[in-house]
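1. Build me a model from this:
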Amino acid sequence: MAEAKTKVLNVDFPGWVAEIPTEARRAEAQQLDDLFRRVTGFEPQVWTGGIVGYGAYDYTYASGRSGTWMATGFAPRKAKLSIYIMPGYTDFGHILERLGPHTKGKSCLYITRLERVDLDVLAELIAAGLRDLATRWPVRPWAELDNARPL
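-> From the prediction side, this is the model:
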């Protein structure tokens, strides 16, 4: 099997945030970190590709493919913030309609500016995503996983 492209990095989170190119995105990353820590109770884990994950889960698909992945997280991209809610948004329309301006992908929410969305609703969405994920796989802190291996 090919080696995973997205991997957990052993970097200092505050130092990583300080390297975000723009002040606005640095401030949003710090604000999101505060929100994710409060909602999840997990510490941030920096991944390749500029992703910050909170918590993790082991999975095994029907195909036999297995691995470990972040439970939720975000990435402060240049154009938009990416918010990762695993495994997707199928059942969260009633929350998303109250969030504010966003677009979405399969398991990713895109927000242009954090100030334009309702942070209480975003917190509700993160919590709902974790509850939904936990119905499929146990969610726990990254540090507690045995032989953690990224997707």
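2. Low-confidence bits of the protein, can you list those?
-> Of all residues in the chain, those with pLDDT under 70 make up the ranges 1-4, 88-90, 143-151.
3. what's across from the residue nearest the centre of it in the sheet?
-> Centroid-nearest residue in the chain: Gly73, 1.3 Å away (criterion: Cα atoms, centre = their mean). Gly73 has these beta-bridge partners by DSSP bridges: Gly53, Tyr84.
4. ok now do it, which residues does it touch?
-> Contact analysis of Gly73 by Cβ atoms under 8 Å, 6 or more residues apart in numbering lists Phe36, Pro44, Trp47, Ile51, Val52, Gly53, Tyr54, Ile83, Tyr84. (Glycine included, C-beta is placed from N, CA and C.)
5. So which of those residues is the closest to Thr22?
-> Thr22 lies nearest to Val52 out of these, by Cβ to Cβ, at 16.3 Å.
6. Counting neighbours, what do you get for that closest one?
-> For Val52, the neighbour count with other Cβ atoms under 10 Å is 22.
7. Settle this for me: it is touching Pro44, isn't it.
-> Yes - counting by Cβ atoms under 8 Å, Pro44 is a contact partner of Val52 at 4.9 Å.
8. so what sits against both of these two?
-> Phe13, Asp33, Phe36, Gly73.
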